[in-house]
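Enquirer: quick one, structure for this:
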Amino acid sequence: MTEIESPAEVYERYLGRAIADPFTRVLLDCAVPQPGEKVLDLAAGNATMLAVGRALPAPAGPSIEWREGDAVNLDLSNQAFDLVLCQQGLQSFPDRWVALQEVRRVLTREGRAVVSVWQDLDYHPVYKALFEATARKLRTNVTDTGVSFSLGNAEELRTLLQETGFGHVEVTPRSLEISLSSPERFVQLTVTGAATSVPSFMQMNPEGRSALVEAIAGELEPLIRSRTEGSKLLLPMATYMALASGATQSDSVRPR
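Expert: Predicted coordinates:
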């Protein structure tokens, strides 16, 4: 089993379009962006993912400026944005508290932030089986492979936002049924795409990831087959959507 596309390309074509795009619509329904607002989309990806994004046809509407940066040290002015969006990124930041402080700093006084994080792995049995099998093969912990599901408690998310100074926080669960093509390649494509963000996968070369896929694909085959209809793998996926507004401007907001 060989990799033809880069992890960033696989993420865009397989995971991004099938999973991220439907949940982006949920995110925007929650955010309700208004004409004329300045919007920051935080955690769009690393350098290779940004390159894939730049290469896509520009959508209609306001212009997009692609910038590589550090979520815990944003090179952006104070109160520069009316809305900050962060889809499935907060759980991967090295310091979530500082990253949210940065979000508050770049928001206007009346600004708002919308953050989405996956619910716990227990709500995602196929991914749970995949990451548990991967952890066994790599002799590591599930916390090292299932990073994307590591902030799956609603109260933990709410508390984190409140403690970083947001004056009003609403956390809402949302679920969708996701349809993925090529069920027989689910393990390969997921592990490859996850190499854009999961440390355990990022550190592996293509040959190592291929060997890992071969080792666990058979183990998951019965579970994947049980959730396959025709040529599609059907997965329920659940997220928490947090709307945080009324950020207070206090001494804890680092000036720039």
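Enquirer: in stretch 129-146, what counts as buried?
Expert: Neighbour counts over stretch 129-146 (16 or more other Cβ atoms under 10 Å) mark 129-135, 138, 142, 144-146 as buried. Any C-beta I mention is one placed from the backbone N, CA and C, and that applies to glycine too.
Enquirer: tell me the two of those residues that are most distant?
Expert: Greatest spatial distance among the buried residues of stretch 129-146 (Cβ to Cβ): 129 and 144, at 16.1 Å.
Enquirer: so which bits of the lengthiest helix in the chain are buried?
Expert: Under DSSP state H, the helix in the chain containing the largest number of residues is helix 206-226. Using 16+ other Cβ under 10 Å as the test for burial, helix 206-226 gives 209-210, 212-213, 216-217, 224.
Enquirer: between those residues, which is closest to residue 39?
Expert: Nearest member of the buried residues of helix 206-226 to residue 39, counting by Cβ to Cβ, is residue 209, at 34.6 Å.
Enquirer: what sits against that closest one?
Expert: Residues near residue 209 by Cβ atoms under 8 Å, 6 or more residues apart in numbering: 3, 191-192, 195, 201.
Enquirer: do residue 162 as well
Expert: residue 169 are the contacts of residue 162 under Cβ under 8 Å, 6+ apart.
Enquirer: tell me if it really is in a helix.
Expert: Yes: counting by DSSP: H, G, I helix; E, B strand; the rest coil, residue 162 is located in a helix.
Enquirer: just checking, residue 191 is part of a helix?
Expert: Yes: looking at residue 191 with three-state DSSP, it is inside a helix.
Enquirer: doesn't residue 134 make contact with it?
Expert: Yes: Residue 191 is within contact range of residue 134, at 7.3 Å (criterion: Cβ atoms under 8 Å).
Enquirer: which neighbours do these two have in common?
Expert: Common neighbours of residue 191 and residue 134 (criterion: Cβ under 8 Å, 6+ apart): residue 212.
Enquirer: so where is the stretch 1-150 of the chain shaky, pLDDT-wise?
Expert: Applying pLDDT under 70 to the stretch 1-150 of the chain flags the ranges 1-4.
Enquirer: helices of that one, start to end?
Expert: Applying DSSP state H, counting those that start in this stretch to the stretch 1-150 of the chain gives helices spanning 7-10, 21-31, 47-55, 96-106, 125-138, 142-145.
Enquirer: could you dump these into a markdown table with distance to residue 119 added?
Expert: Listed next are these as a markdown table, based on distance: least, Cβ to Cβ, whole Å:
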| stretch | distance to residue 119 |
| --- | --- |
| helix 7-10 | 24 |
| helix 21-31 | 12 |
| helix 47-55 | 24 |
| helix 96-106 | 17 |
| helix 125-138 | 11 |
| helix 142-145 | 15 |
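Enquirer: residues contacting the residue nearest to the spatial centre of the chain?
Expert: Closest to where the C-alpha atoms of the chain average out (Cα atoms, centre = their mean) is residue 88, at 2.4 Å. Counting by Cβ under 8 Å, 6+ apart, residue 88 touches 20, 23, 43, 116-118, 148, 239.
Enquirer: do that again at 10 Å, thanks
Expert: Contacts of residue 88 were listed using Cβ atoms under 10 Å, 6 or more residues apart in numbering, and they are 19-20, 23-24, 27, 43, 115-118, 148-149, 151, 197, 239.
Enquirer: how close does it get to residue 62?
Expert: 23 Å (Cβ to Cβ, to the nearest Å).
Enquirer: nearest to residue 182 among the buried residues of stretch 129-146?
Expert: Of all the buried residues of stretch 129-146, residue 130 has the smallest distance to residue 182: 15.0 Å, by Cβ to Cβ.
Enquirer: please report the distance of the closest one from residue 193.
Expert: Distance check for residue 130 against residue 193: by Cβ to Cβ, it reads 12 Å.
Enquirer: for the closest residue to residue 182 other than its chain neighbours, which residues are in contact?
Expert: Among residues not flanking residue 182 along the chain, residue 189 sits closest, at 6.8 Å (Cβ to Cβ, 6 or more residues apart in numbering). The contact partners of residue 189, by Cβ under 10 Å, 6+ apart, come to 3, 5, 10-11, 13-15, 18, 180-182, 213.
Enquirer: all set now, cheers.
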